[in-house]
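Asker: return a 3D structure for these sequence lines:
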Amino acid sequence: MQTVIPVLSFISAVLVLFPLPWYFRARNIAAMSIGVWLFVVNIIYAIDAFQWPGAYHVTSLLWCDITSALITAVNVSIPAACLCICIHLERMASFCATSTSVAKRRRILFECLMCFGLPLAYAALHLIVQPRRFDVYANFGCRPTTYSSILALLLVWTPPLALSFVTLLFCGITWRHFLLHGVQFSRTHASSSLTSGAYIRLVSMAVSEVICTIAATVVAMIFNLNSGLAPWADFTRDWTEILSFSSAATPRSTTAMLITEWAFAVVQCFFFIGLFVLGGEGRSRLHEALQVVRSTFTFPEKRSTCLVDHKGASITEWYVDLCR
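Answerer: Prediction:
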């Protein structure tokens, strides 16, 4: 696992960057934030695995402080972004969405607050139930720690589950509207980038991501609550305390939990990129991007030949909105 974790995490982090230019052009902040957060968490896992290969000594306090907070924030950032996607798709399918500039600005502001503001606030609230600075595990790096109590159950594990189940509810409503008004939807958005196929892929992505979030949260709850809830009266906080665990000292249940968290992050990346590439536009853009990469690394005399053969399309035309 010492080689598998950093390699797969790095590959996953690179892959999720591919759809971001099109989501950015479409002003789809929610979909773009999923890619950003998945990139962040997988880069953290990759660097940590490289930095602590068999070692468990703290090499950078600042790095561990930042990454522990970001890993915590990811717990709610993905379901919050998926909820924003489903809310927008539900309004599109029910023909309640307005295309005025004011409405678009409000939607962008709402999605920014949900996808970035809410996760940071969640990470700040986690400090209430954080008994020490962080933990360090050999081969895995720094991880946040939580005092298993009723307050932690409410502040840490309930929000991602609540957001995930609300997202699934909106997915059901969205799918119902699409089945009822599918023909009208196809005609109305025939000239738009939000085709029926793109609509279905976005709903499928939201469902896949929140199911992974639910599973990861349940695993974390089972691990942390295995010994029961601790009384809040016994809670003590020491910001100077850091626990370090070697490979031999790390319990098997902890190792299994860390591997499971990493695996879910990788799976979410492949859902994110896979459902994008499944679309015809995604495949064609992937092919065009690979052609550009290929032309970039060829000799100058061959580069012009590679750049001309793009079926008459300019480079800027590749960045057509996937969904609006």
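Asker: and the closest residue to residue 29 other than its chain neighbours, what does it touch?
Answerer: Nearest residue to residue 29, sequence neighbours excluded (CB to CB, 6 or more residues apart in numbering): residue 111, at 4.0 Å. Bear in mind the C-beta positions are built from the backbone N, C-alpha and C, glycine included. Applying CB atoms under 8 Å, 6 or more residues apart in numbering to residue 111 gives the contacts 29-30, 33, 81, 84.
Asker: my read: residue 264 touches residue 214, true?
Answerer: No. Residue 264 lies out of contact with residue 214 (CB atoms under 8 Å); the separation is 10.1 Å.
Asker: for the helix or strand hosting residue 49, what is the average pLDDT?
Answerer: Taking DSSP states H and E as the definition, residue 49 sits inside helix 29-51. Helix 29-51 shows a mean pLDDT of 94.
Asker: now stretch 274-284
Answerer: 67.
Asker: likewise stretch 101-117?
Answerer: 91.
Asker: same question, stretch 233-252
Answerer: What stretch 233-252 shows for mean pLDDT is 89.
Asker: and for stretch 160-171?
Answerer: 95.
Asker: residues in contact with that stretch?
Answerer: 75-76, 79-80, 82-83, 86-87, 90, 203, 206-207, 210-211, 213-214, 217.
Asker: that one: which residues count as buried?
Answerer: By 16 or more other CB atoms under 10 Å, the buried positions in stretch 160-171 come out as 160-161, 163-164, 166-168, 170-171.
Asker: quick one: the helix ranked longest in the chain to chain centroid distance?
Answerer: Determined from DSSP state H, the single longest helix within the chain is helix 61-93. Offset of helix 61-93 from its chain centre (CA atoms, centre = their mean, to the nearest Å): 6 Å.
Asker: next one: stretch 88-97
Answerer: 24 Å.
Asker: residue 240: what secondary structure?
Answerer: Following DSSP: H, G, I helix; E, B strand; the rest coil, the label given to residue 240 is strand.
Asker: need the nearest residue in space to it, chain neighbours excluded.
Answerer: Nearest one to residue 240, counting by CB to CB, 6+ apart, is residue 133 at 7.0 Å.
Asker: just the pLDDT for the one you found.
Answerer: Listed pLDDT for residue 133 reads 93.
Asker: what is the burial count for it?
Answerer: Counted with other CB atoms under 10 Å, residues neighbouring residue 133 total 21.
Asker: what's the answer for residue 79, then?
Answerer: Other residues close to residue 79 by other CB under 10 Å number 29.
Asker: can you tell me the element the closest residue to it other than its chain neighbours falls in?
Answerer: Nearest residue to residue 79 in three dimensions, chain neighbours excluded: residue 163, at 3.8 Å (CB to CB, 6+ apart). Counting by DSSP H and E, the element that carries residue 163 is helix 158-180.
Asker: again, but for residue 108
Answerer: Judged by DSSP H and E, residue 108 forms part of helix 101-112.
Asker: mind listing what's buried in that helix?
Answerer: Neighbour counts using 16+ other CB under 10 Å place 107, 111 of helix 101-112 among the buried residues.
Asker: so residue 259 belongs to a strand, correct?
Answerer: No. If the criterion is three-state DSSP, then residue 259 is helix and not within a strand.
Asker: from residue 64, how far out is it?
Answerer: Residue 259 is 20 Å from residue 64, where distance means CB to CB, to the nearest Å.
Asker: tell me which of these two has more neighbours.
Answerer: residue 64 (22 against 15).
Asker: ok, the more buried one - contacts?
Answerer: Shown in contact with residue 64 (CB under 8 Å, 6+ apart): 58, 133-134, 136, 141-142.
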